[in-house]
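*Asks:* missing the sequence, but the structure's below:
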């Protein structure tokens, strides 16, 4: 049964192509097993197309399946540019840690100097309290709070979706339901500063919003835009030539449509158009929480830098101690118990600085110490220091439920079944 009404027969035939590269030293039979597992998600009509990359101990394999759109015969390609959504978060965190290494800001410095909108915070007495039922914050918000998602700002839909704070923040255009934000960074901070914190700084974990604040902080500390800082300090040193906050006009033919289900009608609809739209021009708000676009090869370079303790070829972006700090679990068991996320997340995950880290092995790919993150448009990027692996999976299909989708789970199972040593 095809999931999408525009899914043509020629699309399914296109998905039958053999793997896009040679075997790279991997078992041909196991590569074909991986290809068949991924192909099923395209042939079923769930995904228009996908690109999957595995880099393992110097060996590399890329698989390309399907097309740029459900109603298109234009093949998806290795150099297709994808909207990363929350896979932006680890990159933004690396940007912040570059500033820490330069001693331009310290992890436990209050951010008030650069973000005066967040001075003298009030905190809700309880999460269900009206907005005027507050107590003073015990201390200022720090950079560490932002990186570990313990600032007091976050997506309250996971914690209390009907509380007054969530409702009014949504009305102000500050929640994920209203993303991508179209205000300027200064306006974003001004709006945010009107609201109390959901909890005391450092007390519990809340998803997303801290990364948006972090992007503004990086821009203000560095004295340049977030886009310029990330380009000069990360993308150019790593050769990430297709990564940024928009797709230039000359590359728009490489930007596919992004799909998702309309939860009212049940139909699969276009969330973001190809060849333009919000990602076809520089945004007013450069979203540190989800605004980047990139390719599998650019993200491989970023992953190899993190895998090799901050170095990539002759370039060094971070020091080894910084990478180690970023990829350890900073969330206490008590904080995990008080911080709802999607089902079972904390059973085998922790949170480092701007990214998740596996803490227990519950399946084939759940290697403790593996770090990375996924994106809401169907992207996944993780690094495994133990197995010396970087994996990248890219499509443009928002999952239908709040859980890791089957196509990403199948990619990681397929990646790990390739291991032969």
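*Replies:* Ah, there it is. Bear in mind the structure is a predicted one, so any value in this text is a computation, not a measurement.
*Asks:* and the host helix or strand of residue 305, what's its mean pLDDT?
*Replies:* Using DSSP states H and E, residue 305 falls within helix 296-307. For helix 296-307, the mean per-residue pLDDT is 98.
*Asks:* buried residues, it. List them.
*Replies:* Across helix 296-307, burial judged by 16 or more other C-beta atoms under 10 Å covers 296-307. Glycine gets a C-beta too; all of them are placed from N, C-alpha and C.
*Asks:* quick check, nearest of these to residue 234?
*Replies:* residue 302 (7.4 Å; C-beta to C-beta).
*Asks:* just to revisit the earlier point, the helix holding residue 305 packs against which elements?
*Replies:* The contact analysis (3 or more C-beta pairs under 8 Å, 6 or more residues apart in numbering; DSSP states H and E) places helix 296-307 against strand 49-56, helix 88-101, helix 236-238, strand 311-312, strand 379-384, strand 389-394.
*Asks:* that one: how far from the chain's middle?
*Replies:* Taking the mean of its C-alpha atoms, helix 296-307 sits 14 Å from the chain's own mean (C-alpha atoms, centre = their mean, to the nearest Å).
*Asks:* ok, now stretch 269-287?
*Replies:* Per C-alpha atoms, centre = their mean, the displacement of stretch 269-287 from the mean C-alpha position of its chain is 16 Å.
*Asks:* quick check: end-to-end length of it?
*Replies:* Stretch 269-287 has an end-to-end distance of 24 Å (C-alpha to C-alpha, to the nearest Å).
*Asks:* surely residue 206 is in contact with residue 157?
*Replies:* No: with contact defined as C-beta atoms under 8 Å, residue 206 does not reach residue 157; the gap is 10.1 Å.
*Asks:* neighbour count winner among these two?
*Replies:* More neighbours sit around residue 206 than around the other of residue 206 and residue 157, counting by other C-beta atoms under 10 Å; the figures are 23 against 18.
*Asks:* give me the phi and psi for residue 172.
*Replies:* Dihedral angles of residue 172 (phi, psi; degrees, to the nearest 10) stand at phi -90, psi 0.
*Asks:* so what's the residue count around the spatially closest residue to residue 114 that is not a sequence neighbour?
*Replies:* What sits nearest to residue 114 in space, not counting adjacent residues and going by C-beta to C-beta, 6 or more residues apart in numbering, is residue 220, at 4.4 Å. Residues lying near residue 220 (other C-beta under 10 Å) number 19.
*Asks:* from residue 104, how far out is residue 220?
*Replies:* Using C-beta to C-beta, to the nearest Å, residue 220 is found at 11 Å from residue 104.
*Asks:* and residue 380, by the same measure?
*Replies:* Using C-beta to C-beta, residue 380 is found at 32 Å from residue 104.
*Asks:* between the two, which one's more packed in?
*Replies:* Set residue 380 next to residue 104 and count neighbours by other C-beta under 10 Å: residue 380 wins out with 23 against 14.
*Asks:* go ahead and confirm the more buried one touches residue 356.
*Replies:* No: between residue 380 and residue 356 there is no contact under C-beta under 8 Å: 11.2 Å.
*Asks:* quick check: neighbours shared by those two?
*Replies:* Counting by C-beta atoms under 8 Å, 6 or more residues apart in numbering, the shared contacts of residue 380 and residue 356 are residue 372.
*Asks:* what about the helices in the stretch 1-150 of the chain?
*Replies:* Taking DSSP state H, counting those that start in this stretch to define them, one finds helices in the stretch 1-150 of the chain at 9-14, 28-43, 88-101, 143-147.
*Asks:* show residues contacting the last one.
*Replies:* If you take C-beta under 8 Å, 6+ apart as the criterion, helix 143-147 is touched by 93, 96-97, 100, 105-109, 111, 150-152, 201-202, 210-211, 213-214, 217, 353-354.
*Asks:* contact partners for the residue nearest to residue 355 when sequence neighbours are not counted?
*Replies:* With sequence-adjacent residues excluded and distances taken as C-beta to C-beta, 6+ apart, residue 355 is closest to residue 90, at 4.1 Å. Contacts for residue 90 were tallied using C-beta under 8 Å, 6+ apart; they are 302, 306, 354-355, 372-373, 381.
*Asks:* wait, which of those residues is closest to residue 185?
*Replies:* In terms of C-beta to C-beta, no member of the contacts of residue 90 lies closer to residue 185 than residue 354, at 18.2 Å.
*Asks:* contact partners for the nearest residue to the closest one once chain neighbours are set aside?
*Replies:* In this structure, residue 354 finds its nearest non-sequential neighbour in residue 93, 2.3 Å apart by C-beta to C-beta, 6+ apart. Under the criterion of C-beta under 8 Å, 6+ apart, the contact list for residue 93 reads 147, 211, 214, 326, 353-355.
*Asks:* do the same with residue 402
*Replies:* The contact partners of residue 402, taken as C-beta under 8 Å, 6+ apart, are residue 342.
*Asks:* nothing else from me, thank you.
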